[in-house]
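Engineer: Structure of the sequence below:
(chains A and B)
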Amino acid sequence: MPTKRTGFLVILGLALYFLANQTQVGWLYIMVDGLAGLLLVAFFYSRGMLKPVRVERTFHNLASLASPGPDPAKAWTAQTTPTGPPHFDLMPPTFYEDDPIEVTLRFRHAGRRPIFLSGGSETCPFAPPTERTQPFFIPALFRGQPLDLSYQTRCDRRGLHRWAALPLSSTGPFGLFRVKRTLPAPGDILIYPSYYPLKRLRLLKHRGFSEKQALRHGLSSEVLGTREYRPGDSLRQVHWRSTARTGSLVVKEFSDHDQLTLTVVLDLATGGSVGHGKFSTFETAIRIAASLAYFAEQTKTPFYLVGAGKRWKPPANPLSWTAALNVLAKVENDGHEPLAGVISRLPVLPFVVVLASRPDEATTNAVTALARRGTQTLALAIMPEAGPAPASPNLRTAGLDFKQINSHNWCDVLAGL
Amino acid sequence: MLSRLKTKFTSNQPERSLTLRLLVLAAMLVPLLALARVSLLWPHVLAAAVGIGLGHWYSYRHLEKPNQPLRGLMFIAIHLALCWLFVGLVSGASVPQAQFAIFAQAITSFDLRYRSSLLNTLIHSFAILYVAAALSRTVELALYLLLFAVLVLAVFFTAEKETGLKRASLRPTSTGASAPHRSMTIFGFNFGLIVIPAMILAFIFTPRFSNNPIVPPFTLNIPLRGGINAEIINPGVPLVQINGWSDEIGDYFIGFDTNLDLRYRGGLSDAIVMYVRSPSRSYWRSHSYDTYTGVSWTQSDDRLIDIKRSAGVVYELPRPPGAPPTLARRDQPGLEPGEQEIVQSFTIVREQPNLIFAAYRPSKIFITAERVSLDSGDGLRVPEPLQPGLTYSVISKRPEFEPDLLRQASTDIPPDIARRYLQLPANISERTQALARNLAAPYDNHFDKITALTNYLLAEYPYNFFPPPHPPGAEAVDTFLFEDREGFCEQYVTALVVMARSLGIPARLAAGYGSGDYNPVTNYYEVRFSHAHSWAEVYFPEYGWAPFDPTPGWTPQPYPTPVQNWLFANNGHFFGLDVPALPAAALVAGGSSVLAILIPGVIIVALGAGLLFIAITLSKRLRLILAARAAARYTSLLSDPERRHILKLYRQAVRLLTRRKHRPRATWESLTEYARRSGSHPGLTRLTHLAEIAAYRPQAPDAETVAKAKTALAELKDELAKG
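Structural biologist: Numbers count the residues shown, from 1 in each chain, chains lettered A, B, ... in the order given. This is a model prediction of the structure:
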């Protein structure tokens, strides 16, 4: 597509041509034809110029490369990822919310014509809104000489993010014709929610949690049977006799009756969240759930996640740490069922944490009923970051463990539980 | 659209790229150099170049704010340059328009703050290059054109690059190439290799609508003064003429004289005498002779007829010379069937006789002469010899001599024509007349007879600039035809004319220049002394005088070729090819019609664009004036000490907040917005209110307000101290 400059040159050429015809000055014809030749060549030069361009996108987790700092979350992240540049073929990188990340775009040109004055905009789907669009410019790109463009940003939002195709345009070589192309640059990245590395839950310790925990791991527990080893199983659960007999690792399965489990109830109803973006009550609930999953992992407690989403249904089996992170990275509050309904369907469980953004009367009743059925229940009312807090009944009066929490103090509150 | 334009102007930032500025400077100097080469205005150009250099330096050093006094000086300087232009036009200075252009560029180069200004000045440079192109007659200009094109493209590239890098947040730390300069050079070379053939292709196929000028030709020169002169004044005539043998080469052509002496011998040099711009190849005819004495040619009638000046420097002939009388009687001044208008311009390089050279048949002459007259041989005269530097234009009406029509032409010769152009001296030999009769015997019409004679001469007689001297008393034609059997053009033509007259066909000897060497690049015919030539003109009652050239080595059709609008059609010989002409006539007619339809629209659009440009410029100026007034009003407000005091206290407060880890006030924030966003500080809120009173209220604040501001600042300090 011709640029304004081309339009100007065409007008100039026509004016010169008119004058050339009027005056018969030969050099004017030469100038006109020089302009025509230039425009012709520039036009054909620009056609298909961007076709041989390829782009690859790579990304590094800068937190994993940095030395462990005072932030325990970052420290943990650093330990769980390989040091040095990650090798994605073998092990996908692990990203958590708020991790700094370096994205590199590598442009390769396989064509014979050099590409000049190309640019576009890279849209990073998980970056903070102000850093989401990154305009870039490449003055020249030659064959066989790849060129890197890097930028650093922050993993602002959890989720499975997909990079859009990269729009590329060029006005090369002299700004006369603009050509555009959308470069396919596929890439997915799964960003886990940030979490607080909760290592103890005093609230439960006082309620005999430790005893139940001992039963969970002791020989006195009722063994239901054996199964094949799965990654994440404790070595203490290995049934050595069966392992020796079969030649492959076999672990014992315990009955649920006397096991202490940790169940987190998420409000996945569409209207269950207050606020938008990263600091909505739903996102805070996700982070709290991830922290509790971490606690369960540390204490080898079966961890269940319960909620009624549109696209996600809670699994019947306990979730491993990785599975919990995967679920929590992707789950959205797109359901229709109110939280009260989800709670009311719960059986009697050892320990349930209810994360409610809008604990209305029905929710309060459901939580109270759950507690009365013998389930130890912790209700966390997640308050919005700003604005008036939604009117909610005081759950503490119902004799429950109840805490108010928001997107800023949730780490402190969890540490105090 | 206006809002977009406004945004564009208001967002114009000073251009800080030194590379871009240097490239523009270099690009500006190239057209100046080209102009200096072709116009020899070296002192002017050197002065302008120094001015441009200083202007660029000044513009770069004073990017931040416009210097209004300097702009005023520029305004005055531009008008002085305009005065210089008018003085030059009146006094006949050398290319005063070009002088104005270069001085104007030097003046405006002191205000090149923005990129738009830099690019606009390149348009100015292009205009100077245009002037140089119009004046240039050599291929040297190609070098300057090429250099200018390369620099302008480099400017385009750099400008795009700078803009792209400025807007982008992601930039490569290097160019991406291992050897960027080498890669760029290779690219530039390859690109040029492709552009040049494309340009040549476009050049060959560009149609030239040259015979339909909308703007009439004009000429600007000191007028040739003097009265009518019956003599042909030839400045090249030697002091001593030797009638006889010679091997000398000079600048004197015997045909440009009152008396053409066939006994004279001498070659002609290859020095260029004039440049002719014409859409058609033609002989440039000057005059003719009617009386043959046996050894020379003269004009029997030395009366001259003054041609009426129709307007300014335009002389319009009552009828085209050489045309039949019927053509003069027509009422409508349009073209006859088969006729074409040919606009030629002649630039004299070396002094020439007082003859006007033109393609056959001239109808209008544009020349700064006090008089132009027509002689009895259909030649055009001016009072004085043509001086170097003189440029004149001629519009000719090209006749079409169809052989079939000429064959059917009447043989009833008017008595006055017969009396003058059937004249023969008594000493014409019988064998000459017998040869003519023998050659013409098979034919029954004048055209075929003349053609037979011409072909005979062309085939049987080799050309020789230096034939042996004639014996005393010998008749020139008999000696040429039967003794020497070789000779130069005047001898061929004399033989043809004498033989034609002996057959009863009116004929005469015409003189002038051959078409010259065509340069397709400059579009000039380069006419040299050695192109001086003679040919015959034969009378056909219904068609007038038709030229025939019996001299070998010259084109057999001495009158203008049809106007060709394709380079290769008209100049196939340039490429050594015999390229057939394209049927361009229809295209020309169509193109001319389209052009004629488009031109008014183009003019209207250009006028509209000009008006829009003026409106934008004025609005920009108005905006600057309003901004200056606002600034002046603000300055006058600040002249009050109470106002200044309160605003000073406010600035102290902001500094205090900044030291206490508050952010400073952003440029886009109002005072109130800043106070609200800086947290709950009642002291700041009160101080902000007072500062707004000081800044915006027309009445000056009193001492009490100042005291309140002091108190508010003290409160703020206390609040900050308490944390």
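
Engineer: Give the residue spans of the stretch 151-300 of chain A that score low on pLDDT.
Structural biologist: Scanning the stretch 151-300 of chain A for pLDDT under 70 picks out A:204-224, A:231-232, A:254-259.

Engineer: what's the pLDDT at B:T326?
Structural biologist: B:T326 is assigned a predicted lDDT (pLDDT) of 62.

Engineer: Spell out which parts of the stretch 51-200 of chain A neighbour chain B.
Structural biologist: Contact residues, the stretch 51-200 of chain A versus chain B (Cβ under 8 Å from any Cβ of the partner chain): A:105, A:107, A:114, A:116-117, A:119, A:122, A:134-142, A:145-151, A:171-176. (Each C-beta comes from the backbone N, C-alpha and C, glycine too.)

Engineer: The closest residue in space to B:F203 that isn't next to it in sequence: what secondary structure?
Structural biologist: Closest residue in space to B:F203, ignoring its immediate chain neighbours: A:D33 at 4.1 Å, by Cβ to Cβ, 6 or more residues apart in numbering or on different chains. Taken by DSSP: H, G, I helix; E, B strand; the rest coil, the conformation at A:D33 corresponds to helix.

Engineer: count of neighbours near A:D33?
Structural biologist: When neighbours are defined as other Cβ atoms under 10 Å in any protein chain shown, A:D33 has 25 of them.

Engineer: cool, and B:S310?
Structural biologist: 11.

Engineer: which stretches of the stretch 301-417 of chain A form strands?
Structural biologist: Listed in chain order, the strands of the stretch 301-417 of chain A (DSSP state E, counting those that start in this stretch) span A:303-306, A:351-356, A:376-383, A:401-406.

Engineer: I should have written the stretch 101-250 of chain B there, sorry.
Structural biologist: For the stretch 101-250 of chain B, the strands defined by DSSP E, counting those that start in this stretch occupy B:249-250.

Engineer: mind checking which of the strands of the stretch 301-417 of chain A is nearest chain B?
Structural biologist: Closest to chain B of the strands of the stretch 301-417 of chain A is strand A:401-406 (Cβ to the nearest Cβ; 20.4 Å).

Engineer: Contacts for that closest one, please.
Structural biologist: A:203, A:281, A:284, A:288, A:376-385, A:394-396, A:413-414, A:417 (Cβ atoms under 8 Å, 6 or more residues apart in numbering or on different chains).

Engineer: Where does the prediction get shaky in the stretch 1-150 of chain A?
Structural biologist: Along the stretch 1-150 of chain A, segments meeting pLDDT under 70 span A:64-93.

Engineer: Look through it and state the residue closest to chain B.
Structural biologist: For the stretch 1-150 of chain A, Cβ to the nearest Cβ, closest residue to chain B: A:G26, 2.6 Å.

Engineer: wait, what's in contact with that residue?
Structural biologist: B:R277, B:N519, B:P520, B:V521, B:T522, B:N523, B:Y524.

Engineer: Could you do A:F136 as well?
Structural biologist: Per Cβ under 8 Å, 6+ apart, neighbours of A:F136: A:L105, A:G119, A:G120, A:S121, A:E122, A:L149, B:A168, B:S169, B:L170, B:R171.

Engineer: Now it: which helix or strand?
Structural biologist: Assigned by DSSP states H and E, A:F136 belongs to strand A:133-141.

Engineer: Specify the angle between the helix or strand that that strand is followed by and strand A:133-141 in degrees.
Structural biologist: Sequence-wise, the next helix or strand downstream of strand A:133-141 (DSSP H and E) is strand A:147-154. Going by axes from the mean of the first three to the mean of the last three Cα atoms, to 10 degrees, strand A:147-154 is angled at 170 degrees with respect to strand A:133-141.

Engineer: Sheet partners, orientation included, of strand A:147-154?
Structural biologist: Take DSSP bridges as the rule and strand A:147-154 pairs in its sheet with strand A:100-109 (antiparallel).

Engineer: for the very next helix or strand once past the strand it pairs with, packing partners?
Structural biologist: Using DSSP H and E, the helix or strand that directly follows strand A:100-109 along the chain is strand A:115-123. Identification of packing neighbours for strand A:115-123 by 3 or more Cβ pairs under 8 Å, 6 or more residues apart in numbering or on different chains; DSSP states H and E yields strand A:100-109, strand A:133-141, strand A:166-170, helix B:141-167.

Engineer: May I see the buried residues of strand A:115-123?
Structural biologist: Counting neighbours by 16 or more other Cβ atoms under 10 Å in any protein chain shown, one finds that the buried residues in strand A:115-123 are A:I115, A:F116, A:L117, A:S118, A:G119, A:G120, A:S121, A:E122.

Engineer: Highest mean neighbour count across the helices and strands packed on strand A:115-123, which stretch is it?
Structural biologist: Stretch with highest mean neighbour count among those: strand A:133-141 (a mean of 22; mean count of other Cβ atoms under 10 Å in any protein chain shown).

Engineer: Flag every residue of the stretch 51-200 of chain B that's near chain A.
Structural biologist: Residues of the stretch 51-200 of chain B lying near chain A (Cβ under 8 Å from any Cβ): B:126, B:129-130, B:133-134, B:136, B:141-142, B:145, B:149, B:153, B:156-157, B:159-161, B:164-165, B:167-172, B:175-178, B:180, B:183-184, B:187, B:191, B:194-200.

Engineer: one step back: tell me the spacing between the residue nearest to B:F203 and B:V521.
Structural biologist: For A:D33, the distance to B:V521 equals 11 Å [Cβ to Cβ, to the nearest Å].

Engineer: Then A:Q376?
Structural biologist: 99 Å.

Engineer: just A:I30 next, same as before
Structural biologist: 6 Å.

Engineer: Please report the number of neighbouring residues for residue 383.
Structural biologist: Let's take chain A. Count around A:M383 with other Cβ under 10 Å applied: 22.

Engineer: The intended chain is chain B.
Structural biologist: When neighbours are defined as other Cβ under 10 Å, B:P383 has 18 of them.
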